[in-house]
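K.L.:
whatever this is, show me its structure:
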Amino acid sequence: MAEDRMLRVRALLGAVRAEGRTALTAPEGKVIADAYGIAVPGEELARDVEEAVAYAARFGGPVVMKIVSPDILHKTDAGGVIVGVEGASDVRAAFHRIVENARAYDAGARVDGVQIQELLPKGQEVIVGAVTDPTFGKVVAFGLGGVLVEVLKDVTFRLAPVDADEALSMLDSIRAAEILRGVRGQAGVDRWAVAEQIRRVSQLVADFPEIAEVDLNPVIATAEGAIAADIRVILSDTPVTARRRYTRAEILTSMGRLMEPRSVAVIGASNEQGKIGNSVMRNLVDGGFAGDIHPVNPRTDDILGRKAYKSVTDVPGEVDVAVFAIPAKFVASALEEVGRKGIPNAVLIPSGFAETGEHALQEEIVAIGERYGVRLLGPNIYGYYSTWQDLCATFCTPYDVKGGVALTSQSGGIGMAILGFARTTKTGVSAIVGLGNKSDLDEDDLLTWFGEDPHTDCIAMHLEDLKDGRAFVEAARATVPKKPVVVLKAGRTAAGAKAAGSHTGALAGDDAVYDDILRQAGVIRAPGLNDMLEYARGLPVLPTPKGDNIVIITGAGGSGVLLSDAVTDNGLTLMEIPPDLDTAFRAFIPPFGAAGNPVDITGGEPPSTYEATIRLGLEDPRVHALVLGYWHTIVTPPMVFAELTARVVREFRERGVEKPVVASLAGDVEVEEACQYLYERGVVAYPYTTEQPVAVLGAKYRWARAAGLLGGGS
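P.N.:
Coordinates of the predicted model:
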């Protein structure tokens, strides 16, 4: 059955292609709809007035009449749609008017006739569609339909194809989800019928890559079903080229030799200070890399006390990584030698490739790399750091604070911001990697490696684009259940909408698709650079929450209100304090304080009140996370608060009670030292902000949900 369906559609698409067309007519769209079980109203193609009258009479009620022309894509714009036509005389008049409007709109347009379609009952208008995204390929969309669809842009996206459950989840992912369930006495829609329209469209575009866009708009959804009033299908005018893919085993093997090398060659190594080749050599030597370091330079025999080789092919033994520090014009010939030597990785620091318009030069090195099986990192990068190997293969400042955070960036400037942040905050890193032009190695390769790397607890990535969004999603889905992935996606423009041929295409701006697909993959998207770095720093510190109940304990009512706002803004849940717990909190706070949630102990309380209430929050198993608001007073100085909080949290963790605790400290400059003290002891704390600690907590919750460690979905 499925094979017959595909043969029918393939034959139709072939015929459309043979005519040199990319847009299908409405009757052709119905053939596809029928083949895939996409529910559409009864309709017929009337080639003359009398056929129109006969078909309208057969439907026995008001009809919709639409121009059918392969040259008129937007029928409404051409005055080619009339709704609610009934009776022979009105059908005749409407037929003539539609054809005349079409001629006036485009005198040269081919008119095949007028479509006579059953008028659907009133219901909720939604849009179901699919587009070909340049990053993620086939993507299915769902949202509110009708005339406001492009104004409200209340649309959600998923990778196609989707299964029935994923399609159903899309109905809950739009802002107006409640409308579909029924509001103000109106019946809800048949959710499964709508989801089935989504699923079938997604399967259609997955089966036929040549279909660029599909638009069902509007779909009339009622309590009895969901029927597409109009189907628009647009074919791609460019062939689809597949990117070369590597297996997971191949990626892990090559990345293992890149990140844990035993031998490194520096092509373009130099004794001259100020040269990139000198900086790379110094960083490798001074950084304490225990493996072999082989300088390659045809004009000298010794560099930094090490024997230099005229060619990388002269280097004895196996080499895992070749670091390039030579001008772009010499890279191709040197890469040939790297390939002949059998070196699996080339780290291309030089600029002067695609980023400056030299696309042919970049294509040449990619072809060389593929021919010899050499994976390319770069070009146009600052290099990379693999701290657990004491490896600093970069011309930038060294960094040697080992830890569990892996950081990557597409930009050199962002890479240096990452480095400075890590140093200032004493963030231990497992690696810092520059990706630059991403001629070969990209985020999905790194994600695959870091997902398995025992030294890495959290991965944070700055990116401007993804070469292969599906490969990234696949790698993220394999990694997220084990450790958090944080992404800062630069560029929020909707450039992809400019050349759209359908409503769905116009809605599928770059950022909208990225946002939904990254969420679908379980990735935590950071709104800005500092957020990405703070998430990466804080997520490994916080224990995984075991439930949604969050309690705020604060010494200042104003902070409590702002912290409550932050909890809501981050999609978190303030616990409804049960009566017995409320009574217990009241025993420790003054009469003019306030229990409930936030628990306001007031600012004049001694350290014992802070300690007693924090203990109570940690002891009660119904409380899953604590947000602390501290107000600087002489009664309880900042370091006193920090020390008692850290001590109590440590005591409970030693007893096996591990709950995330974050803190906001308001006060004079002493709160900065107190925050650092707390952070180093497992409490994520910030001075002068109520938003930041709760944002980090929110990121931890988003990961826990995506990883399936907390109820409630992602």
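
K.L.:
what is the least confident helix or strand in the protein?
P.N.:
The helix or strand of the chain with the poorest confidence is helix 503-507; it has a mean of 55 (mean pLDDT, DSSP states H and E).

K.L.:
and after it, which helix or strand comes next?
P.N.:
Using DSSP states H and E, the next helix or strand after helix 503-507 towards the C-terminus is helix 510-520.

K.L.:
that next one - contacts with which helices or strands?
P.N.:
strand 155-159, helix 469-479, strand 485-489, strand 524-525 (3 or more C-beta pairs under 8 Å, 6 or more residues apart in numbering; DSSP states H and E). Every residue, glycine included, has its C-beta placed from N, CA and C.

K.L.:
try it again at 10 Å.
P.N.:
The contact analysis (3 or more C-beta pairs under 10 Å, 6 or more residues apart in numbering; DSSP states H and E) places helix 510-520 against strand 124-133, strand 137-144, strand 155-159, helix 164-171, helix 469-479, strand 485-489, strand 524-525, helix 691-706.

K.L.:
in the last one, what counts as buried?
P.N.:
Same thing as helix 691-706. Going by neighbour count (16 or more other C-beta atoms under 10 Å), the buried part of helix 691-706 is 692-706.

K.L.:
rewinding a little: would you turn the helices and strands packed on helix 510-520 into a markdown table with distance to Val640 and mean pLDDT?
P.N.:
As requested, the helices and strands packed on helix 510-520 are exported to a markdown table (distance: least, C-beta to C-beta, whole Å; pLDDT from 0 to 100):
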| stretch | distance to Val640 | mean pLDDT |
| --- | --- | --- |
| strand 124-133 | 55 | 93 |
| strand 137-144 | 53 | 94 |
| strand 155-159 | 49 | 94 |
| helix 164-171 | 48 | 96 |
| helix 469-479 | 41 | 96 |
| strand 485-489 | 34 | 95 |
| strand 524-525 | 34 | 96 |
| helix 691-706 | 19 | 98 |
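
K.L.:
Ile553: which of the ones you listed is closest?
P.N.:
Ile553 sits nearest to helix 691-706 of all the helices and strands packed on helix 510-520, at 12.9 Å, using C-beta to C-beta.

K.L.:
tell me the angle of the closest one relative to strand 485-489?
P.N.:
Angle, helix 691-706 to strand 485-489, by axes from the mean of the first three to the mean of the last three C-alpha atoms, to 10 degrees: 120 degrees.

K.L.:
ok now helix 691-706, how far from the chain's centre?
P.N.:
Once both centres are worked out by C-alpha atoms, centre = their mean, to the nearest Å, helix 691-706 turns out to sit 16 Å from its chain's centre.

K.L.:
mind exporting that helix as PDB, just the C-alpha atoms?
P.N.:
This file holds the C-alpha atoms of helix 691-706, laid out as PDB (Å, rounded to 0.1, in the frame of the first residue of the first chain):
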ATOM      1  CA  GLU A 691      17.800  37.000  38.400                       C
ATOM      2  CA  GLN A 692      21.100  35.200  37.800                       C
ATOM      3  CA  PRO A 693      21.100  32.500  40.500                       C
ATOM      4  CA  VAL A 694      17.500  31.500  39.600                       C
ATOM      5  CA  ALA A 695      18.400  31.400  35.900                       C
ATOM      6  CA  VAL A 696      21.100  28.900  36.600                       C
ATOM      7  CA  LEU A 697      18.700  26.900  38.700                       C
ATOM      8  CA  GLY A 698      16.200  27.000  35.900                       C
ATOM      9  CA  ALA A 699      18.800  25.800  33.400                       C
ATOM     10  CA  LYS A 700      19.500  22.800  35.800                       C
ATOM     11  CA  TYR A 701      15.800  22.000  35.900                       C
ATOM     12  CA  ARG A 702      15.500  22.200  32.100                       C
ATOM     13  CA  TRP A 703      18.400  19.700  31.700                       C
ATOM     14  CA  ALA A 704      17.000  17.400  34.400                       C
ATOM     15  CA  ARG A 705      13.600  17.300  32.500                       C
ATOM     16  CA  ALA A 706      15.300  16.800  29.100                       C
END
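
K.L.:
look up how far Glu224 lies from the closest residue in space to Gly339 that isn't next to it in sequence.
P.N.:
Distances taken as C-beta to C-beta, 6 or more residues apart in numbering put Tyr372 closest to Gly339, at 2.7 Å, once the chain neighbours are dropped. The gap separating Tyr372 from Glu224 is 62 Å, by C-beta to C-beta, to the nearest Å.

K.L.:
who has more neighbours out of the two?
P.N.:
Tyr372 (18 against 12; other C-beta atoms under 10 Å).

K.L.:
can you give me phi and psi for the more buried one?
P.N.:
phi -100, psi 0 (degrees, to the nearest 10).

K.L.:
pretty sure it contacts Gly342?
P.N.:
Yes - Tyr372 lies in contact with Gly342 (C-beta atoms under 10 Å); the separation is 7.9 Å.

K.L.:
coming back round to it: which residues does the residue nearest to Gly339 contact?
P.N.:
Neighbouring residues of Tyr372 by C-beta atoms under 10 Å, 6 or more residues apart in numbering: 335-344, 346.

K.L.:
gap between it and Pro41?
P.N.:
59 Å.

K.L.:
where does the prediction get shaky in this protein?
P.N.:
Within the chain, the stretches with pLDDT under 70 are 1, 146-152, 185, 240, 492-510, 593-594, 711-714.

K.L.:
name the residue closest to the centre of it, please.
P.N.:
The chain has Leu518 as the residue nearest its centroid, 2.4 Å off, counting by C-alpha atoms, centre = their mean.

K.L.:
pull the contacting residues for the residue lying closest to that residue once chain neighbours are set aside.
P.N.:
The shortest distance from Leu518 to any non-neighbouring residue, by C-beta to C-beta, 6+ apart, is to Arg525 (5.2 Å). By C-beta under 10 Å, 6+ apart, the contact list for Arg525 reads 485-489, 514-515, 518-519, 531-532, 535, 699, 702.

K.L.:
most neighbours among those, which one?
P.N.:
If you count neighbours using other C-beta under 10 Å, the busiest of the contacts of Arg525 is Val485, which has 30 neighbours.
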